[in-house]
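[1] structure, please.
(chains A and B)
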Amino acid sequence: AQSVSQHNHHVILSEAASLELGCNYSYGGTVNLFWYVQYPGQHLQLLLKYFSGDPLVKGIKGFEAEFIKSKFSFNLRKPSVQWSDTAEYFCAVNGGDTASKLTFGTGTRLQVTL
Amino acid sequence: GAVVSQHPSRVICKSGTSVKIECRSLDFQATTMFWYRQFPKQSLMLMATSNEGSKATYEQGVEKDKFLINHASLTLSTLTVTSAHPEDSSFYICSVGPPSYEQYFGPGTRLTVT
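    Okay, here's the model as predicted:
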């Protein structure tokens, strides 16, 4: 069974600081990787996804993530966070077969202070 | 991406009663929908996969007789929490999208059982 680990549970940053949120997964086969964001009181939204190709993927709002297959990692980065980035961030993975399901990490709460 | 709605957004019910939650895919023909449960400050846990025109597939540990799922059309899936108890209080979220690809999430339904 696949699993996803997010080691940072709660991160507090000042505006303009750089962000990196860790995500590691365990799954032996081909994977699709996702980062979702949940702003306070809102539903989950897709930030970015990796299916294949260039391991450095760019998403919305200046976020990017790098897939490192050898490390089973898909860390999320942003060079300069804004107060509006305050939210819960979830890493998720599913296998490449059509019957697989999304497995979510435990989430990281990001708090950006002014 | 697909637009997903849920109704109601919030519901309070008494212990022992049943509650029905609707998930609608407004612009995507969804042969498959997914139901998740999210506890406060925790991640999403997949409860079941709703299959249009056939029985739902439940995850291990999820009682199928307690959480009844009906997926009668390509745009509507319902989750009925039967004989609800306070421990069923949670945030229930549905998603649509092709398996192994990105999912689009509904805004969620907050269930409180008193």
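[2] any buried residues in stretch A:66-77, and which?
    Neighbour-count burial for stretch A:66-77, with 16 or more other C-beta atoms under 10 Å in any protein chain shown as criterion, is recorded at A:Glu66, A:Phe67, A:Phe72, A:Ser73, A:Phe74, A:Asn75, A:Leu76. Every residue, glycine included, has its C-beta placed from N, CA and C.
[3] just the CA atoms of that stretch, as CSV, please.
    C-alpha atoms of stretch A:66-77 as CSV (Å, rounded to 0.1, in the frame of the first residue of the first chain):
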residue,chain,number,x,y,z
GLU,A,66,10.6,18.8,-7.7
PHE,A,67,10.2,15.1,-8.1
ILE,A,68,13.3,13.2,-7.1
LYS,A,69,12.6,9.6,-7.9
SER,A,70,15.7,8.3,-6.0
LYS,A,71,14.6,10.0,-2.8
PHE,A,72,10.9,9.2,-3.3
SER,A,73,10.3,12.9,-2.7
PHE,A,74,8.2,15.7,-4.1
ASN,A,75,9.0,18.8,-2.1
LEU,A,76,7.0,22.0,-2.6
ARG,A,77,8.8,25.3,-2.8
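[4] list the beta-bridge partners for the residue nearest the centre of chain B.
    Residue closest to the average C-alpha location in chain B (C-alpha atoms, centre = their mean): B:Trp35, at 3.7 Å. Beta-bridge partners of B:Trp35, counted by DSSP bridges, are B:Ala48, B:Cys94.
[5] and A:Asn8, how far is that from A:Tyr36?
    Here the criterion is C-beta to C-beta, to the nearest Å. By it, A:Asn8 lies 15 Å from A:Tyr36.
[6] for B:Asp65, same thing?
    Plainly put, B:Asp65 is 31 Å away from A:Tyr36 if you go by C-beta to C-beta.
[7] looking at the two now, which is surrounded by more residues?
    Just comparing B:Asp65 and A:Tyr36: by other C-beta atoms under 10 Å in any protein chain shown the higher neighbour count belongs to A:Tyr36, 25 against 8.
[8] just the pLDDT at that one, thanks.
    Each residue has a pLDDT score; the one for A:Tyr36 is 96.
[9] how close does it sit to chain B?
    To chain B, A:Tyr36 is 8 Å away according to C-beta to the nearest C-beta, to the nearest Å.
[10] show me what counts as buried in stretch A:106-114.
    A:Thr106, A:Gly107, A:Thr108, A:Leu110, A:Val112.
[11] which entries in these are shared with the contacts of chain B?
    Applying C-beta under 8 Å from any C-beta of the partner chain, the subset of those adjacent to chain B comprises A:Thr106, A:Gly107.
[12] show me which residues of chain A are close to chain B?
    Listed as neighbours of chain B in chain A under the rule C-beta under 8 Å from any C-beta: A:32, A:34, A:36, A:42-46, A:49, A:51, A:90, A:94-107, A:109.
[13] and if we set it to 10 Å?
    Counting by C-beta under 10 Å from any C-beta of the partner chain, the residues of chain A close to chain B are A:1, A:4, A:6, A:9-10, A:30-32, A:34, A:36, A:38, A:41-46, A:48-49, A:51, A:88, A:90-92, A:94-107, A:109.
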